[in-house]
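In: give me a 3D structure for the following:
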Amino acid sequence: LVNDETDEVYETGMNDATYQFDAVLPGIYHLEISIPEDAEFVASRNGWTVSGNNAVSESFSLNSGYEKTVSQLGAVLLSTISGYAFDNPPADGKPSADSTGIEGFTLTLMTVDGAVAAHVETDATGRFEITDLRPATYLLSVSIPDGKVLSRKGQLTLPVESCKEVQTVPLVLTMGDVYEEQMFGCVRPGTLAGDAWLDENTNGRWDDGEKPAVGEVISIYDLDTNETLVTVITDENGIFSNAGMIPGNYRLVYVPDELTISAPEGETSFSTVQGKMITGRIELLAGDEITDLHLGLMRYTDIQGTVWYDQSGTIEPLLGAQVELLDQSGISLQNTVTLEDGTYTFTRLLPGIFEIQVTVPEGHVVVEADDMRLEDGTLRSIMLYVNRRNGSTGQFELRMGDDLSGMDIGSVSPMSSRVHSER
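Out: Numbers count the residues shown, from 1 in each chain. Model prediction:
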C-alpha cells in the first residue's frame, strides 16, 4: 500500500488470497501487487494496471475511520512439464550414465475443444520443457520415433501407459501443478500373440469346425514388477496380440467365469492354478516375436426360458409347469418346475443332442408352433410337437458357446383359445 503523497509504503503478505492493512493514516493511496514468476494475472483486470507480474490499482482516498475494499484481481499459478526421452534397453524407465537422449520425441497438449495449447519436440539431448500452462483439462499426446515404445514408468508420473508408440490420455492440471524431470524411457518392442478357442470335442486341439473364443480378456503379468502391465482381448477370430511389448519376463493370466473351464492338455499353453489359467514364464527380448500361445477353453451352456400363458389376451408367467431336459437317448438329465415368475433353467451343459419336454398344469394347453400369438415375433414358443398339456421341442443340437437364454414356452387356457377364435 503506497501513499501517493509521501511515498510511504505499507507491506503485507497474503493469507488464503486475502490481504488487509490496519491503522493506516488518512491520505491518497494506491495498491501494488507482485505475483511469483510462475503465475500470471487473469484477463479481467477490474481497473488494475498490469505489467508482467506486477499490478497497480487506481488511486483512492482514505479518510479517518474509513474502510476501503479494493476490487478483486485474479491470478493463476501456471504449470510446467519437463523431462528427458532416452534409449532404455533394460526397459526399466530409469536413465543411467550411458543413456542416450532421443531427438524428435513429441508431446502435444490440446484443450478439450481441440485447440493446441503446446507442442514440443525433444532436442538433440532428448530434453524438453513446456511452461506457462494454465489450469485446465488437456489431452496429452505422446509420439515416440523410430518404432520404439514407452518402457516401464520407473521415474514417470504423467498418466501415460507403457508399451505404446503413440498415445493420447487426459491430463488434468490444477493451479501450480509441476511435472518436472519426467523420464520417458523408450525401447524397441517385441510381440506376444496367440489364439483362444472353444474345445468342443474336448481333445485339447483346435479342430476344424470348432469356434474361436471371442472377447476373452487376457492379462499380461509383468514378473519384473509383479503387476499387470497390459491386457489383450481376443478378436472375432479368437486372436490376441500385442506388438508393443517391452522386453521382460511375463506370464499370461486368464480368469474364467463360472461357466468356463480349461481344455484338456494338448495345444493349450495354459494350466489351471487356484481357479486361474496361467502360462509358464515367458522371456521376451527386444524384437522377439512369440506368437504360438494357445488358450483352449471349454464352456458350459445354460438353457433358460419362461413358460407363459395367455389369460384372455394378457400374457402372464405360468406357475407349476413341469419342464424336463432329455439326452439323445431319451434319458432324463434335469427337470424343474416353474415358480411364480414362470422361469426355468438347465445348467452346465456341454455340447450334445438334447430335447426339452413340458407338461403344463390342468386348465392349460401348450400353444402350437403355428399359433397366431407367435406371428409378430413378440412372443416365442419352442415347442414343435404338442398334445394338449404336453409339448416337445424334438431333438436339437447344442454347440459350445451357443446362447440359449430365450427358450420360452407358450400356453393358453381353453377359454382364452375360444375367445381368440371368436375374434
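
In: would you list every one of the helices in the stretch 301-423 of the chain?
Out: 414-422 (DSSP state H, counting those that start in this stretch).

In: phi first, then psi, for the closest residue to P89 other than its chain neighbours.
Out: What sits nearest to P89 in space, not counting adjacent residues and going by C-beta to C-beta, 6 or more residues apart in numbering, is V187, at 6.2 Å. C-beta: built from backbone N, CA, C; applies to glycine. Dihedral pair for V187: phi -150, psi 150, per degrees, to the nearest 10.

In: ok, now which ones touch V187?
Out: Listed by C-beta atoms under 8 Å, 6 or more residues apart in numbering, the contact partners of V187 are D87, N88, P89, A91, K148, V149, S151, I246, P247, A286.

In: where in the stretch 101-250 of the chain is pLDDT low?
Out: Judged by pLDDT under 70, the stretch 101-250 of the chain has no weakly predicted residues.

In: returning to what we had before: what's opposite the residue nearest to P89 in the beta bridge?
Out: Under DSSP bridges, the beta-bridge partners of V187 are V149.

In: returning to that earlier point: and the contacts of V187, which of them are buried?
Out: D87, N88, P89, A91, K148, V149, S151, I246, P247 (16 or more other C-beta atoms under 10 Å).

In: coming back round to it: now do the residue nearest to P89 against N203, distance only.
Out: Here V187 is placed at a distance of 41 Å from N203 (C-beta to C-beta, to the nearest Å).

In: repeat for L229
Out: Going from L229 to N203 by C-beta to C-beta gives 33 Å.

In: who has more neighbours out of these two?
Out: L229 (20 against 14; other C-beta atoms under 10 Å).

In: next, that one: phi, psi?
Out: Per degrees, to the nearest 10, the backbone of L229 is at phi -90, psi -50.

In: and for the closest residue to it other than its chain neighbours, the neighbour number?
Out: Spatial nearest neighbour of L229, chain neighbours left out: D222 (4.2 Å); criterion: C-beta to C-beta, 6+ apart. By other C-beta under 10 Å, the residues close to D222 number 20.

In: show me the contacts for D222.
Out: Residues near D222 by C-beta under 8 Å, 6+ apart: R152, T228, L229, G248, N249, Y250.

In: how far does stretch 219-227 sit from the chain's center?
Out: Centroid separation for stretch 219-227 versus its chain: 19 Å, with C-alpha atoms, centre = their mean, to the nearest Å.

In: try stretch 130-141
Out: Worked out by C-alpha atoms, centre = their mean, stretch 130-141 lies 24 Å from the chain centre.

In: tell me the bridge partners for the residue nearest the centre of the chain.
Out: By C-alpha atoms, centre = their mean, the chain has its centre lying nearest to T231, at 10.6 Å. Taking DSSP bridges, one finds S219 as the beta-bridge partners of T231.

In: what sits against it?
Out: With C-beta under 8 Å, 6+ apart, T231 has these contacts: V217, I218, S219, I220.

In: would you mind measuring from it to G394?
Out: For T231 relative to G394 (C-beta to C-beta), the value is 43 Å.

In: just T12 next, same as before
Out: Taken as C-beta to C-beta, the span from T12 to G394 is 92 Å.

In: ok, I290 next?
Out: 48 Å.

In: repeat for Q311
Out: 28 Å.

In: so those two - more neighbours on which side?
Out: Q311 (14 against 11).

In: in the sheet, who's paired with the more buried one?
Out: T314.

In: quick revisit: can you select the buried ones among the contacts of T231 for me in ChimeraX?
Out: This is how ChimeraX selects the buried members of the contacts of T231, with burial counted by 16+ other C-beta under 10 Å:
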select :218,219,220
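
In: any chance of the contacts of T231 in a markdown table, plus distance to Q328?
Out: Below are those laid out as a markdown table (distance: C-beta to C-beta, whole Å):
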| residue | distance to Q328 |
| --- | --- |
| V217 | 35 |
| I218 | 35 |
| S219 | 39 |
| I220 | 42 |
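
In: show me which of the contacts of T231 is closest to I356.
Out: Checking the contacts of T231 against I356 by C-beta to C-beta gives V217 as the nearest, at 32.8 Å.

In: relative to T231, how far out is the closest one?
Out: Applying C-beta to C-beta to V217 and T231 gives a distance of 6 Å.

In: do a quick rundown of the strands in the stretch 201-350 of the chain.
Out: With strands called from DSSP state E, counting those that start in this stretch, the stretch 201-350 of the chain shows them at 217-222, 227-233, 239-245, 248-254, 260-262, 271-273, 276-278, 282-284, 289-299, 301-311, 314-317, 322-327, 332-337, 343-349.

In: what's the closest of these to L62?
Out: Comparing these by C-beta to C-beta, strand 227-233 comes nearest, at 63.3 Å.

In: how about that closest one: buried residues?
Out: In strand 227-233, the ones that count as buried by 16+ other C-beta under 10 Å are L229, V230, V232.

In: with stretch 367-386 instead?
Out: Neighbour-count burial for stretch 367-386 [16+ other C-beta under 10 Å]: V367, E368, D371, R373, L374, S381, I382, M383, V386.

In: which of the residues you listed sits closest to T301?
Out: Scanning the buried residues of stretch 367-386 for proximity to T301, where the rule is C-beta to C-beta, the winner is I382, at 15.1 Å.

In: surely that closest one and I356 touch.
Out: Yes - using C-beta atoms under 8 Å, I382 is in contact with I356, at 6.8 Å.

In: what touches both of those two?
Out: Here I382 and I356 share the contacting residues T393, M407, I409, scored by C-beta under 8 Å, 6+ apart.

In: residues in contact with R373?
Out: D310, V367, L379, G410, V412, H420.

In: hmm, which of these is lowest in pLDDT?
Out: By pLDDT, H420 ranks lowest within the contacts of R373, coming in at 46.

In: out of the strands of the stretch 201-350 of the chain, which comes closest to V166?
Out: Closest approach to V166 among the strands of the stretch 201-350 of the chain is made by strand 239-245 (9.8 Å; C-beta to C-beta).
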